[in-house]
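*Asks:* Have a look at this fold, sequence not included:
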């Protein structure tokens, strides 16, 4: 995963910025495409997720978020701030942050990019799962992860990441043996 982030940073294509953004925020693809510059607060480094932009009958359409809990404000990783500011400067007429990029072409680029760099293939949506899994392995509270992902309840997060939670439980048992 560290290698993948390094490789993405070395890419000059805008598609790589979206992939990095997805992995570091855990947002759904439609949520990412629904973001406008007004949704980002560069003073507090927060992003407001309040709508989606989805392909419906081959046309992009603004829609409400998937659920009421999908409407949320999350902290942005500091590493994304310079990239977003540069992107804003490069695309000053964009209303939607990534409107200059084709919704499906980014996913296609990502599918083709992975094997070229010896990275195990995952779908664009799996970047959301990668985000949550990395946070769990960093010891971030599952309730915080659930809210970050916009899940309506913690049970959805627990059920989705059962394999990780079970592995962390095993690690906890091993850790207590080292202490006592």
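*Replies:* Arrived safely, thanks for sending. All values reported here derive from a predicted model rather than from experimental measurement.
*Asks:* Spatially nearest residue to residue 7 (excluding sequence neighbours)?
*Replies:* In space, residue 7 comes closest to residue 117 once its chain neighbours are excluded; the distance is 5.3 Å by CB to CB, 6 or more residues apart in numbering. Heads up, the C-betas are built off the backbone N, CA and C, glycines and all.
*Asks:* neighbours of the one you found, just the number please.
*Replies:* Other residues lying near residue 117 total 12 when counted by other CB atoms under 10 Å.
*Asks:* State the distance from it to residue 16.
*Replies:* Computed with CB to CB, to the nearest Å, the distance linking residue 117 and residue 16 is 11 Å.
*Asks:* same question, residue 50
*Replies:* Residue 50 is 26 Å from residue 16, by CB to CB.
*Asks:* just residue 30 next, same as before
*Replies:* The span separating residue 30 from residue 16 equals 20 Å under the rule CB to CB.
*Asks:* now residue 132
*Replies:* Computed with CB to CB, the distance linking residue 132 and residue 16 is 21 Å.
*Asks:* Return the list of helices and strands in contact with the worst-scoring helix or strand of the chain on mean pLDDT.
*Replies:* Per-element confidence for the chain was summarised using mean pLDDT, DSSP states H and E. The lowest value among helices and strands belongs to helix 162-179, with a mean of 82. Other elements packing on helix 162-179 under the criterion 3 or more CB pairs under 8 Å, 6 or more residues apart in numbering; DSSP states H and E are helix 126-137.
*Asks:* Tell me the buried residues in the helix it packs on?
*Replies:* Going by neighbour count (16 or more other CB atoms under 10 Å), the buried part of helix 126-137 is 127-136.
*Asks:* Over to stretch 95-108?
*Replies:* 96-99, 101, 103, 106-107.
*Asks:* for it, the distance to its chain's centre please.
*Replies:* Taking CA atoms, centre = their mean, to the nearest Å, one finds stretch 95-108 lying 15 Å from the centre of the chain it belongs to.
*Asks:* Residue ranges in the chain under the pLDDT threshold?
*Replies:* Scanning the chain for pLDDT under 70 picks out 1.
*Asks:* Now do the helices in this protein.
*Replies:* 2-10, 14-25, 29-33, 80-90, 103-116, 126-137, 142-149, 154-160, 162-179 (DSSP state H).
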